[in-house]
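Asker: give me coordinates for this.
(2 chains)
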Amino acid sequence: MNNNVAIIDYHMGNLFSVEQACRNVGLNPIITSKQTEIENSDAVILPGVGAFPEAMNNLNKLNLIETLKKILENEKPFMGICLGFQLLFSGSEEFGNTKGLNVFPGQVKKFPTVSSTKSKIKVPQIGWNQIHPYNSQKWKRSLLNGINNNEFMYFVHSYFVETEDDSITLTYTEYEGIKYCSSIEKDNVFASQFHPEKSAYEGIKIYNNFANSINQKD
Amino acid sequence: MLTKRIIPCLDVMDGRVVKGTNFINLRDAGSAVELAERYYAEGADELVFLDITASVEKRKTLLNLVIEVADVIRIPFTVGGGITEIGDIEKLLNAGAEKISLNSSIVNNPKLISEASKQFGSQAVVAAIDIKDINGVHKVFIKGGREETKLIGLDWCKEVVDLGAGEILLTSMDKDGTKEGFDLEFLKKLTDSVSVPVIASGGAGNKEHFLKAFSIANVDACLAASLFHYKELEIKELKEYLKNNNVEVRV
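Answerer: Here you go, the predicted model:
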């Protein structure tokens, strides 16, 4: 039987491409904001595009903050994408200071609009950029297994994560001279700033590995 | 490093890809969905679909196209052509489009840009601007190049960015279909004056044209249609060439 994966709908961006990518790798996606459906699923994906404060506000209104924290602490395979990656950290400087889910220590910061060499930086960063191994031992044991080092992935974001715990960092990416953490992995949790579901064949490999990691739990 | 992007453009009429010269003399270039799949497999970084269906069924054909395309490709794509309302934008984005492009409608109603970028983020809003040299002045044209406006090209580009457009798709009507190369002079001025990515369109005829647009005009992406549709240039070959000439591309 196909594994159920709960794609959390908290009104932050369209979920269609995530849903399609899940189908591509044989998962049964369920778009939901219901606690019970999320708890009963075999795996959870927290996607999202948009503003950090609004995202936390929506999760709060839907009573999903504790549900998510519980899942992040247990063994259920979890994938966070883009805003769903940023929300895992302590907080964001977007519109003042907003607290995040605080599963990992770190801050979400805005890209400066001028680089250290005084050239202007285009924000948001939109397009294909490389993911470099932060720890090459970690890469092969992660959902990036089978993907080449320095592969290109699709990014769309104005804010980046400054993590305070290097041990969770899986890859880093460089934009206009700024090196930042572009994905993390710890136990059951994988999360990335880039969009695997929009990153062509290499991105789909991540979904494939995610599907396999769910099977191993069965 | 963030790469430069190569974007095949599919002008679609009733589900078929068509292409003409200087916006006229359309000829058939195949099924939109099949061509999209081909470009995805060949390493296109993004796709742009512009619906030029003239019928009243337009909205439905565009939405159906998005649904079909989103089913088969896993790279971002933009759709445009006659979008006038926020409700339509929402439907298209929910159906799987990454961005929508606005052209004639924002000349008549500039607030549509600010409303769309506020609701969906500026990264989802592309301003498509068609320009033509009229006695030495680059004027903005709308309605598929059929109607001249009073707007000056560069001024209008700056204004749409101020309103919240996240990207500019600039088509030079003088160059479109000519295969003489992109309008480097205008594009250079444009990339110097705006803070959002610029997609160059109109005039691509060979590999060198792309290289010049990236290295001289400093554009972020290049768009072409017939060159790719009729396999006069393969995306893979183009990207290898750009890479060998020190342009960062995804290969």
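
Asker: could you list the low-pLDDT ranges of chain A?
Answerer: Applying pLDDT under 70 to chain A flags residues A:1, A:218.

Asker: whichever residue of the stretch 101-250 of chain B sits closest to chain A - how many residues pack around it?
Answerer: Using C-beta to the nearest C-beta, residue B:250 is the residue of the stretch 101-250 of chain B that sits closest to chain A, at 4.2 Å. The C-beta positions use only the backbone N, C-alpha and C, and glycine is treated the same way. As a burial measure, residue B:250 scores 24 neighbours (other C-beta atoms under 10 Å in any protein chain shown).

Asker: isn't it right up against residue A:152?
Answerer: Yes: under the criterion of C-beta atoms under 8 Å, residue B:250 makes contact with residue A:152 at 4.2 Å.

Asker: mind listing the shared neighbours of those two?
Answerer: Jointly contacting residue B:250 and residue A:152 under the rule C-beta atoms under 8 Å, 6 or more residues apart in numbering or on different chains are A:128, B:3.

Asker: list the contacts of residue 163.
Answerer: Assuming you mean chain A. A:89, A:104-106, A:169, A:181, A:184.

Asker: could you do chain B instead?
Answerer: Per C-beta under 8 Å, 6+ apart, neighbours of residue B:163: B:106, B:110-111, B:113-114, B:117.

Asker: swap the cut-off to 10 Å and go again
Answerer: B:106, B:110-117, B:122, B:125, B:127 (C-beta atoms under 10 Å, 6 or more residues apart in numbering or on different chains).

Asker: how about it, nearest residue that isn't a chain neighbour?
Answerer: Using C-beta to C-beta, 6 or more residues apart in numbering or on different chains and skipping residues adjacent in sequence, the residue nearest residue B:163 is residue B:113, 4.2 Å away.

Asker: tally of neighbours for that neighbour?
Answerer: Residue B:113 has 24 neighbouring residues, counting by other C-beta under 10 Å.

Asker: wait, it sits on residue B:102?
Answerer: Yes: here residue B:113 reaches residue B:102: they are 6.5 Å apart, a contact under C-beta atoms under 10 Å.

Asker: strands of the chain, start to end?
Answerer: No chain specified, so I'll use chain A. Secondary structure of chain A by DSSP state E: the strands cover A:4-8, A:28-32, A:43-46, A:78-81, A:89-92, A:98-99, A:104-110, A:125-130, A:132-133, A:152-157, A:159-163, A:169-175, A:178-186, A:189-192.

Asker: ah, no, chain B please
Answerer: Assigned by DSSP E, chain B shows strands spanning B:5-13, B:16-21, B:24-31, B:47-51, B:77-80, B:99-102, B:125-134, B:137-142, B:147-152, B:167-172, B:198-201, B:221-224.

Asker: determine the longest helix present in chain A.
Answerer: Of all the segments of type helix in chain A, defined by DSSP state H, the longest one is helix A:200-217.

Asker: that older thread, buried subset of the contacts of residue B:163, written for ChimeraX?
Answerer: To isolate the buried ones among these in ChimeraX, judged by 16 or more other C-beta atoms under 10 Å in any protein chain shown, type:
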select /B:106,110,112,113,114,115,116,117,122,125,127
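
Asker: from the contacts of residue B:163, pick the one nearest residue A:130.
Answerer: Within these, the smallest distance to residue A:130 is 24.1 Å, found for residue B:122 (C-beta to C-beta).

Asker: from residue B:215, how far off is the closest one?
Answerer: According to C-beta to C-beta, to the nearest Å, residue B:122 and residue B:215 sit 27 Å apart.

Asker: hmm, stretch B:222-242 in reach of chain A?
Answerer: No: applying C-beta under 10 Å from any C-beta of the partner chain, one finds stretch B:222-242 out of contact with chain A, separated by at least 11.3 Å.

Asker: list the buried ones in that stretch?
Answerer: B:222-229, B:233, B:235, B:238-239, B:241-242.

Asker: and of the residues you listed, the nearest to residue B:182?
Answerer: Once C-beta to C-beta is applied, the member of the buried residues of stretch B:222-242 that ends up nearest residue B:182 is residue B:222, at 7.1 Å.

Asker: give the contact list for that closest one.
Answerer: Here residue B:222 is in contact with B:4-7, B:182, B:187, B:198-201, B:203-204, B:209-214, B:238, B:242 (C-beta under 10 Å, 6+ apart).

Asker: contacts only, for the residue nearest to residue B:163.
Answerer: B:102, B:105-106, B:122, B:125-127, B:159-166.

Asker: let's go with 6 Å and repeat that
Answerer: B:106, B:160, B:163-165 (C-beta atoms under 6 Å, 6 or more residues apart in numbering or on different chains).

Asker: and if you look at residue B:128?
Answerer: Per C-beta under 6 Å, 6+ apart, neighbours of residue B:128: B:80, B:101, B:103, B:169.

Asker: what's the neighbour count on the first one?
Answerer: Applying other C-beta under 10 Å, we find 25 residues neighbouring residue B:80.

Asker: that one and residue B:50 touch, don't they?
Answerer: Yes: applying C-beta atoms under 6 Å as the test, residue B:80 and residue B:50 come out as touching, 5.1 Å apart.

Asker: what about residue 60, neighbour count?
Answerer: Reading this off chain A. Using other C-beta under 10 Å, residue A:60 has 12 neighbouring residues.

Asker: chain B was what I was after
Answerer: 11.

Asker: and it, how far is that from chain A?
Answerer: 18 Å (C-beta to the nearest C-beta, to the nearest Å).

Asker: got the contact list for the spatially most central residue of chain B?
Answerer: In chain B, the centroid-proximal residue (C-alpha atoms, centre = their mean) is residue B:169; its distance is 4.9 Å. When contacts are counted by C-beta under 6 Å, 6+ apart, residue B:169 touches B:101, B:126, B:128, B:199.

Asker: in the sheet, who's paired with it?
Answerer: Per DSSP bridges, the residues bridged to residue B:169 are residue B:128, residue B:199.

Asker: now it: how far from residue B:196?
Answerer: 11 Å.

Asker: and if you look at residue A:108?
Answerer: Taking C-beta to C-beta, one finds residue A:108 at 22 Å from residue B:196.

Asker: and if you look at residue A:165?
Answerer: Residue A:165 sits 34 Å away from residue B:196, taking C-beta to C-beta as the criterion.

Asker: one step back: so which of the strands of chain B is nearest residue A:135?
Answerer: Judging these by C-beta to C-beta, what sits closest to residue A:135 is strand B:5-13, at 29.8 Å.

Asker: number of nearby residues for the nearest residue to residue A:29 once chain neighbours are set aside?
Answerer: Excluding the flanking residues, the one nearest residue A:29 by C-beta to C-beta, 6+ apart is residue A:22, at 4.0 Å. Counted with other C-beta under 10 Å, residues neighbouring residue A:22 total 27.
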